[in-house]
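S.K.: Fold the following.
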Amino acid sequence: MYKKTLLDNGLRIIAHPMSQRQSLALGIWINIGGRYESQENKGMSHFLEHLLFKGTENYSCRQIKESIEGVGGYLNAFTSEELTCYLVKIPARHMKLALDILADMVLRPQLRTLEMKKERTVILEEIKMYKDQPHSYVYELLDGLLWPKQPLGEPIIGSAETVSAMTRAQISDFKNAHYTAGNIVVSAGGAFDYGLLSKCVQGKFSHLAKSAANTFVKVKEEQAKPAFNLFAKDTEQTHMALGFHAFRRDHPLRHAMGMLHVVLGGNMSSRLFHEVREKRGLAYEIGTQVKRYNDTGAFLVHAGIDNRKVPETTRLIMQELGKCKRALVSASEFKRAKEFYLGQLLLALEDTMDHMLWIGETTATMNKTYTLQDIIREVNKVNVGDLREVARKVFRDDKLSLALIGPVKKQESDIFSELRVG
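M.R.: Numbering: from 1, shown residues only. This is a model prediction of the structure:
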């Protein structure tokens with residue numbers, strides 16, 4: 001189903017031809033992100049990502065955008081904790097153009113001092129923007145509780161201090177050290193000839209020297225008691241992010257955790273949505289989220305809560321988590337969660353962009369590629385007892401971390417310190 005090629009220099013190609021589509025999604029992944037950085041260069045992966053759009057040896061900043069958008073395409077990039085990805089979705093007949101532009105960005109950026117000066121200002125404003133958005137900033141506070149004084153607990157974008165101090169020479173050296181063959185994966189999904197794609201990729205990247213992939217320092221999770229960060233701010237609602245340490249990407253219980261996420265807060269049929277919003281009207285936004293990394297993970301509950309109902313809502317959430325530890329979910333609830341979990345994946349994989357992202361991420365992070373059939377077989381092995389096992393392993397009082405942004409009162413702070421999974 002998937003086409004794979006390993007170049008002699010270590011670069012990997014992973015692709016899924018989808019002959020009935022009209023589009024091509026193409027991504028170049030680099031094994032570099034926030035957790036590979038130190039306190040001194042925090043935010044450099046993200047800064048470099050921005051600069052690659054500002055011009056290359058063969059394309060100006062304007063030409064990069066106009067060349068893709070001028071034929072109906074879409075161009076973007078993102079930096080995460082473990083990866084940086086440059087991506088294009090374009091009508092399939094323009095495959096060579098898309099690859100030429102992405103490759104030139106990754107291999108031959110100009111990194112001009114003037115563009116760096118301008119983009120530094122843009123990123124500093126971006127940092128301010130996130131801090132002005134409590135529904136975003138609360139996650140930054142939570143990460144700091146889950147992984148204190150570690151790269152995984154620091155914002156990917158960096159700080160005003162680190163971004164202001166970065167020099168062109170430092171960023172250039174950073175790129176040369178990490179944008180290497182062993183750290184690169186090229187992934188594709190859509191209508192294309194794999195032989196031609198592979199030949200073009202090799203023509204662009206085979207000159208790179210052979211290299212191994214990056215490594216990072218594994219996280220330390222030494223939390224022994226609940227941790228809290230209550231950030232007082234005059235907001236119209238209180239923004240909450242509750243987190244527990246959870247499982248790495250390839251943990252045997254990863255699908256059970258994904259299904260527990262569906263049961264608790266993954267859709268409008270979930271327990272938290274029903275109990276907190278529909279039944280009691282305590283919050284507009286309520287849900288759960290799963291984060292997975294190579295060596296760890298997190299299970300999150302997020303909500304926007306009526307300022308007058310924060311203690312009540314938080315206790316209710318803890319009670320719902322506790323129910324999953326004490327009792328098995330019903331057969332009908334389990335079936336709905338399973339069907340939703342698989343159905344969402346099936347729907348996503350119909351899209352060339354989502355398919356490219358799926359195979360690219362797993363190849364870049366684990367050097368593995370799963371087919372939909374692989375996932376179906378694994379999910380079919382999950383039982384209701386596995387969901388309770390996940391709840392018991394993850395929802396532990398000593399591993400609880402809670403971040404709040406809002407007009408928190410002193411007496412409420414005392415209440416939070418007494419929170420337990422009910």
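S.K.: CA only for contacts and neighbour counts going forward, please
M.R.: Noted.
S.K.: give me the low-pLDDT residue ranges for the chain?
M.R.: 410-414, 422 (pLDDT under 70).
S.K.: Please list all residues in contact with the residue nearest the centre of it.
M.R.: The chain has Ser80 as the residue nearest its centroid, 5.7 Å off, counting by CA atoms, centre = their mean. Residues near Ser80 by CA atoms under 8 Å, 6 or more residues apart in numbering: Gly33, Gly34, Ile156.
S.K.: so which of those comes closest to Ala92?
M.R.: For the contacts of Ser80, the minimum distance to Ala92 (CA to CA) is 29.5 Å, reached by Gly33.
S.K.: can I assume the closest one is in contact with Ile156?
M.R.: Yes. At 7.5 Å, Gly33 counts as touching Ile156 under the criterion of CA atoms under 8 Å.
S.K.: shared neighbours of these two, anything?
M.R.: Counting by CA under 8 Å, 6+ apart, the residues touching both Gly33 and Ile156 are His46, Thr79, Ser80, Glu81.
S.K.: Mind checking which of those are in strands?
M.R.: Mapping those onto strands (DSSP state E) picks out Thr79.
S.K.: Turn the shared contacts of Gly33 and Ile156 into JSON lines, columns for distance to Arg254.
M.R.: Shown next, in JSON lines, are these (distance: CA to CA, whole Å):
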{"residue": "His46", "distance to Arg254": "28"}
{"residue": "Thr79", "distance to Arg254": "23"}
{"residue": "Ser80", "distance to Arg254": "20"}
{"residue": "Glu81", "distance to Arg254": "19"}
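S.K.: Grab the CA positions of stretch 309-323 and hand them over as CSV.
M.R.: The C-alpha trace of stretch 309-323 is given here as CSV (Å, rounded to 0.1, in the frame of the first residue of the first chain):
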residue,chain,number,x,y,z
LYS,A,309,-18.7,28.0,39.0
VAL,A,310,-15.0,27.0,38.8
PRO,A,311,-14.7,24.9,42.0
GLU,A,312,-18.0,23.2,41.2
THR,A,313,-17.0,22.4,37.6
THR,A,314,-13.5,21.2,38.6
ARG,A,315,-14.9,18.8,41.2
LEU,A,316,-17.4,17.5,38.7
ILE,A,317,-14.7,16.8,36.1
MET,A,318,-12.6,15.0,38.7
GLN,A,319,-15.7,12.8,39.6
GLU,A,320,-16.2,11.9,36.0
LEU,A,321,-12.5,10.8,35.7
GLY,A,322,-12.9,8.8,38.8
LYS,A,323,-15.9,6.9,37.4
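S.K.: quick one: it to chain centroid distance?
M.R.: 27 Å (CA atoms, centre = their mean, to the nearest Å).
S.K.: Could you do stretch 9-19 as well?
M.R.: For stretch 9-19, the distance to the chain centre is 22 Å (CA atoms, centre = their mean).
S.K.: repeat for stretch 250-264
M.R.: So, by CA atoms, centre = their mean, the centroid of stretch 250-264 is 17 Å from its chain's centroid.
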